[in-house]
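Participant: here is a sequence together with a model predicted from it:
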Amino acid sequence: MNAPVSLLFGVHAHQPAGNFPEVVDEAHEKSYGPFLRTLHRHPGFRFAVHFSGWLLQELLERHPADMALLQDMVARGQVELFGGGDMEPVLAAIPFRDRIGQLRALGDRLERAFGTRPRGAWLTERVWEPTVVPALLDAGIDHVTVDDYHFVCAGRDLSELGGHFSTEEDGRRLDLFPISEQLRYRIPFAPAAETVRHLESLACEGQEIAGIYFDDIEKFGIWPETHDWVYGRRWLEDFIEGVLGSPLLQTRHFGEFRARQPTRGVVYLPTTSYIEMGEWTLPAARADDFAELVARQKEAGVYDRFKPFLRGGIWRNFLSRYPEANWMHKRMLDLSARVAALPEPASDDMVALLHRAQANDAYWHGLFGGLYLPHLRRAVWNAIVALEDALDRCAPSNACTTMDLDLDGRDEIFLRDGHLVAVVRDDVNAAVCELSHRQLSHNFADTLTRRREHYHRLLDETVASRAQHGGIASAHDRVAFRHEIVPADVVEDTRPRQSFMDTLFVEDDPQGIMPRYARAGGSGATFQARSRAADIDKGFALDEGVLRVTYDIDAAQALRWEVAVNLAMPSCDGFLGRVRCGDRIGGGFGELLDHGIATGLTLEDGVLHGQARLAMQPPALVATRPLHTVSQSEAGFEKIMQACVVTLTWQLAAGRHRLVLEFSAAAVDPAPDA
């Protein structure tokens, strides 16, 4: 006689820390709320749920009635709560001490809200590295879920994966549940009755088999067409009723199954995540090759056989692919070390800021959003800047320090005062890679360089198709666009989008010469560049909240000198940003504006409740332009404004010249008018 199949059913709910309130409300309206209300009507259907800490707090405050239903389901034993990192960090990418801190913080949050602490945990993006095992155990976690793909990559066969396994690190045991890819692809997309039959087909004689599902709750209402399918057309109701009505199926909690059944053996998983992540972490050209290899394997009918060996990269590759992510990450690690080194335990506020600085979403990019969304990076930088300011009040940093913080082989020079932190890179550009204002908790240099992405090939194919056939793309080749995008929009930058980037133009080289600076020595941030057209001395100094950049230029001939200042303005191309040049209000940050000759420029930002100001002597020709990048969203390709690029230009005759630029920022309340 076949033993019943234990359905271990779990859902994961997450929104990035700092996401827009309207996004949270829409997600609750379409998914979280109706899901909880539906499950509450079926107390016999036992399941697991994981909420990241920030989202859980938002829902408790914004939607208490539905969260009361969750509290009731926990109290009556229907729901098993899963833990994890409180602010949804990739545990493998943060220090051991912070892994424990994040895990315990979410456990504390769950205990306050529901009266119970979790024993199981959700791993962010299912990123597995064995080094996370000790921290999980120290935080009271004894089992986690990962994909069955992880097990296949370790040489296991899918037929073996109907239960849990054990692994160890330093002799300490953690149990692992393999999430079924077949169930992830079926739920909730295949008809409910068909999915129930698939689960029943897993039953076998004499051994209790687990059907293991744990995936994003957003599939139940937020993904395209799913709200009507799951709720309007009763998929979820039909599925629940089918499971509860089947003599071959029994819903259980993960912890309950683990207590009932012995482990299926010891397994050691490789460092990996879900299979798509392996492609996303690769540089565009290598990702193209990887996708081509996968396609060939599928065409040959051998993909399933060789899938374990087609892994691509690992999650940490994002930190080498994107210097912007790496800089945030290394700044976070440095602040974590400073928190740990405090003579007294850090305050709750400091710990909360550190945890928010570790939220995963802004550190990587797959098909959608992530690093490309300025408001997600801004949330991380808000926390980094505020935490550093709090630490400096306890143990002040030096006014000028030099170190290779990002581990790229080149030093960075930190200039600090009570208002600003300016970081100058000691490389050929001698530019500013961070420009953080303490009072505003904002990094004005938080921009993103335009680079090639793997999915940009779809744009190339669409443009080529239209050029060949005319008109619009066919239904088979259609690529969705939220904005009009032309080939020039996806041209890669040849230089990083930092601030105070210099270009020299002479008549016999209209393309421009990029000075190659070398450190001039001494304790400050001073650099020199020597060329046949001019000798340049460039210096940075910070005093009372003013960053002063000085150029001493000895021109051998007439030339044009251009300085680009890329400034991250939270209003982006919205109506709360505007540019003032002298007495003139020129327009918004998203416009292409030529302001004429001026000695100063002010960027006023209503979202930031602050402003940035540039002053120039002698007067410069001033222009402002938006910097857009092209990435994907659920609605299609879109252009996202990353920065307002301020370009300052001087026409210089042969001879000696001194140019002085000053940057400062201030809070403004109330916000400027639209």
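Facilitator: Right, received. Where do you want to start? Numbers count the residues shown, from 1 in each chain.
Participant: strands of the stretch 551-674 of the chain, start to end?
Facilitator: 559-567, 577-581, 584-587, 593-605, 610-633, 636-652, 655-667 (DSSP state E, counting those that start in this stretch).
Participant: to Thr263, which of the ones you listed lies closest?
Facilitator: strand 610-633 (40.6 Å; Cβ to Cβ). In short, each C-beta sits where N, CA and C put it, glycine included.
Participant: can you give me how far that closest one is from the chain middle?
Facilitator: 24 Å (Cα atoms, centre = their mean, to the nearest Å).
Participant: make 793 the first number, not 1, from now on.
Facilitator: With the count now opening at 793, the last piece we talked about shows up as strand 1402-1425.
Participant: can you give me the buried ones in stretch 1324-1332?
Facilitator: Ala1325, Ala1326, Asp1327, Ile1328, Asp1329, Lys1330, Gly1331, Phe1332 (16 or more other Cβ atoms under 10 Å).
Participant: nearest to Ala1356, out of those residues: which one, please.
Facilitator: So of these, ranked by how close each gets to Ala1356 (Cβ to Cβ), first place is Lys1330, at 14.0 Å.
Participant: the closest one - that's part of a helix, no?
Facilitator: No: under the criterion used here (DSSP: H, G, I helix; E, B strand; the rest coil), Lys1330 is strand, not part of a helix.
Participant: which stretches of this protein have low pLDDT?
Facilitator: Scanning the chain for pLDDT under 70 picks out the ranges 793, 1252-1275, 1426-1427, 1462-1466.
Participant: care to break it down by domain?
Facilitator: 797-1062, 1284-1459 (automatic domain parsing).
Participant: just put those in a markdown table and tack on distance to Trp1072.
Facilitator: As requested, the domains of the chain are exported to a markdown table (distance: least, Cβ to Cβ, whole Å):
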| stretch | distance to Trp1072 |
| --- | --- |
| domain 797-1062 | 10 |
| domain 1284-1459 | 11 |
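Participant: which one of those domains lies nearest to Ala1129?
Facilitator: Between the domains of the chain, domain 797-1062 lies closest to Ala1129; by Cβ to Cβ that is 7.7 Å.
Participant: endpoints of the closest one, how far apart?
Facilitator: 29 Å (Cα to Cα, to the nearest Å).
Participant: again, but for stretch 1025-1045
Facilitator: 27 Å.
Participant: again, but for stretch 1131-1150
Facilitator: OK, stretch 1131-1150 end separation, Cα to Cα: 14 Å.
Participant: what comes up buried for it?
Facilitator: By neighbour count on 16+ other Cβ under 10 Å, the buried set for stretch 1131-1150 is Val1131, Ala1138, Met1142, Val1143, Ala1144, Leu1145, Leu1146, His1147, Arg1148, Ala1149, Gln1150.
Participant: His1019 is nearest to which of the strands of the stretch 1343-1466 of the chain?
Facilitator: Comparing the strands of the stretch 1343-1466 of the chain by Cβ to Cβ, strand 1402-1425 comes nearest, at 18.1 Å.
Participant: can I get the closest one as CSV, trimmed to CA atoms?
Facilitator: The C-alpha trace of strand 1402-1425 is given here as CSV (Å, rounded to 0.1, in the frame of the first residue of the first chain):
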residue,chain,number,x,y,z
GLY,A,1402,17.9,69.1,-0.1
GLN,A,1403,20.1,70.8,-2.7
ALA,A,1404,23.5,70.5,-4.3
ARG,A,1405,25.5,73.5,-5.4
LEU,A,1406,28.4,73.9,-7.7
ALA,A,1407,30.4,77.2,-7.8
MET,A,1408,33.0,77.9,-10.5
GLN,A,1409,35.8,80.5,-10.9
PRO,A,1410,36.3,81.7,-13.5
PRO,A,1411,32.8,81.4,-14.9
ALA,A,1412,32.1,78.3,-17.0
LEU,A,1413,29.7,77.3,-19.8
VAL,A,1414,27.2,75.2,-18.0
ALA,A,1415,25.0,72.4,-19.4
THR,A,1416,22.9,69.7,-17.6
ARG,A,1417,21.9,66.3,-19.1
PRO,A,1418,20.2,63.2,-17.8
LEU,A,1419,22.1,60.0,-17.6
HIS,A,1420,19.9,57.0,-18.5
THR,A,1421,20.6,53.3,-18.5
VAL,A,1422,18.5,50.7,-20.2
SER,A,1423,17.3,47.6,-18.2
GLN,A,1424,14.4,45.3,-18.1
SER,A,1425,11.3,45.4,-16.0
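Participant: mind naming the longest helix for the chain?
Facilitator: For the chain, the helix reaching the highest residue count under DSSP state H is reported as helix 1166-1186.
Participant: among the domains of the chain, which is nearest Tyr1155?
Facilitator: Of these, nearest to Tyr1155 by Cβ to Cβ is domain 797-1062, at 7.3 Å.
Participant: what secondary structure does the residue most central in space within the chain sit in?
Facilitator: Centroid check for the chain by Cα atoms, centre = their mean gives Ala1154 as the closest residue, at 2.0 Å. Classification of Ala1154 using three-state DSSP returns helix.
Participant: got the contact list for it?
Facilitator: Contacts for Ala1154 were tallied using Cβ atoms under 8 Å, 6 or more residues apart in numbering; they are Pro808, Ala1117, Met1120, Gly1162, Leu1163, Leu1165, Leu1168, Arg1169, Ala1171, Val1172.
Participant: quick one: which of those is nearest Lys1011?
Facilitator: Pro808 (17.7 Å).
Participant: I figured the closest one hits Arg1170, correct?
Facilitator: No: using Cβ atoms under 8 Å, Pro808 makes no contact with Arg1170, being 10.9 Å away.
Participant: who's more crowded, those two?
Facilitator: Using other Cβ atoms under 10 Å, the more surrounded residue of Pro808 and Arg1170 is Pro808, with 23 against 20.
Participant: which stretch of helix or strand covers the more buried one?
Facilitator: Under DSSP states H and E, no helix or strand contains Pro808.
Participant: can you pull the contacts of it?
Facilitator: So Pro808 contacts Trp846, Glu880, Ala1151, Asp1153, Ala1154, Leu1168, Ala1171 (Cβ under 8 Å, 6+ apart).
Participant: what's the distance between the nearest residue to Thr1193 once chain neighbours are set aside and Thr1239?
Facilitator: Computed as Cβ to Cβ, 6 or more residues apart in numbering, the closest residue to Thr1193 that is not its neighbour in sequence is Phe1206, at 4.7 Å. For Phe1206, the distance to Thr1239 equals 19 Å [Cβ to Cβ, to the nearest Å].
Participant: how about the strands in the stretch 793-942 of the chain?
Facilitator: Secondary structure of the stretch 793-942 of the chain (DSSP E, counting those that start in this stretch): strands at 797-805, 839-843, 871-875, 912-914, 935-939.
Participant: alright, I will stop here.
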